[in-house]
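A.B. asks: coords please:
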Amino acid sequence: MSRTRGAIQPELRPAPPIPTGDLAHILDAAPAAEIAMRVIRLKPAGRGRWRGRCPVHTERTPSFEVTGADRPGRFQRVRCRGCGFVGDAVDLMAALEGVPRENLLAELPARLGLAPTP
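C.D. replies: The predicted structure is shown next:
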């Protein structure tokens, strides 16, 4: 246990690194636009781009953008010009759920119903 600003926090152990092939498999099964649309309303903002209010911080004007939706074989990226958040679908899910990326990567294949890659 460790102390953070007076509160006792449990120690989080990072999960073992996930192989690159498994990460590609997860990102292919979890498009960033679909994950963001579960929480916020996205509007088309050009070819392969979506824009909306950032789910990571509170804002009035849309500064959150998902890119890469029009390129098969390339993973979607997210970026917020307001808070500076940048990442992929896994980073977005980790930020929304408040868990470290490594821990989320360890449990995502089971949550998405993916078989482990050889």
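A.B. asks: point to the residue nearest the middle of this protein.
C.D. replies: For the chain, the residue sitting closest to the mean C-alpha position, by C-alpha atoms, centre = their mean, is Leu92 at 2.2 Å.
A.B. asks: from what I can see Thr67 touches Arg77, true?
C.D. replies: Yes - in this structure, Thr67 is within contact of Arg77 by C-beta atoms under 8 Å, at 5.4 Å. The C-beta positions use only the backbone N, C-alpha and C, and glycine is treated the same way.
A.B. asks: which one's more surrounded, these two?
C.D. replies: Thr67 (20 against 17; other C-beta atoms under 10 Å).
A.B. asks: which of the helices or strands spans Asp22?
C.D. replies: Secondary structure assignment for Asp22, by DSSP states H and E: helix 20-29.
A.B. asks: buried set for that helix?
C.D. replies: Neighbour-count burial for helix 20-29, counted by 16 or more other C-beta atoms under 10 Å, picks out 22-23, 25-27.
A.B. asks: in a markdown table: those residues, plus distance to Leu114 and pLDDT.
C.D. replies: Listed next are the buried residues of helix 20-29 as a markdown table, based on distance: C-beta to C-beta, whole Å; pLDDT from 0 to 100:
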| residue | distance to Leu114 | pLDDT |
| --- | --- | --- |
| Asp22 | 8 | 70 |
| Leu23 | 11 | 76 |
| His25 | 6 | 74 |
| Ile26 | 7 | 78 |
| Leu27 | 11 | 77 |
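A.B. asks: would you turn these into TSV with distance to Gly48?
C.D. replies: What follows is the buried residues of helix 20-29, written out as TSV (distance: C-beta to C-beta, whole Å):
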residue	distance to Gly48
Asp22	25
Leu23	21
His25	22
Ile26	21
Leu27	16
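A.B. asks: below-threshold pLDDT in the protein: ranges please.
C.D. replies: 1-21, 69-74, 115-118 (pLDDT under 70).
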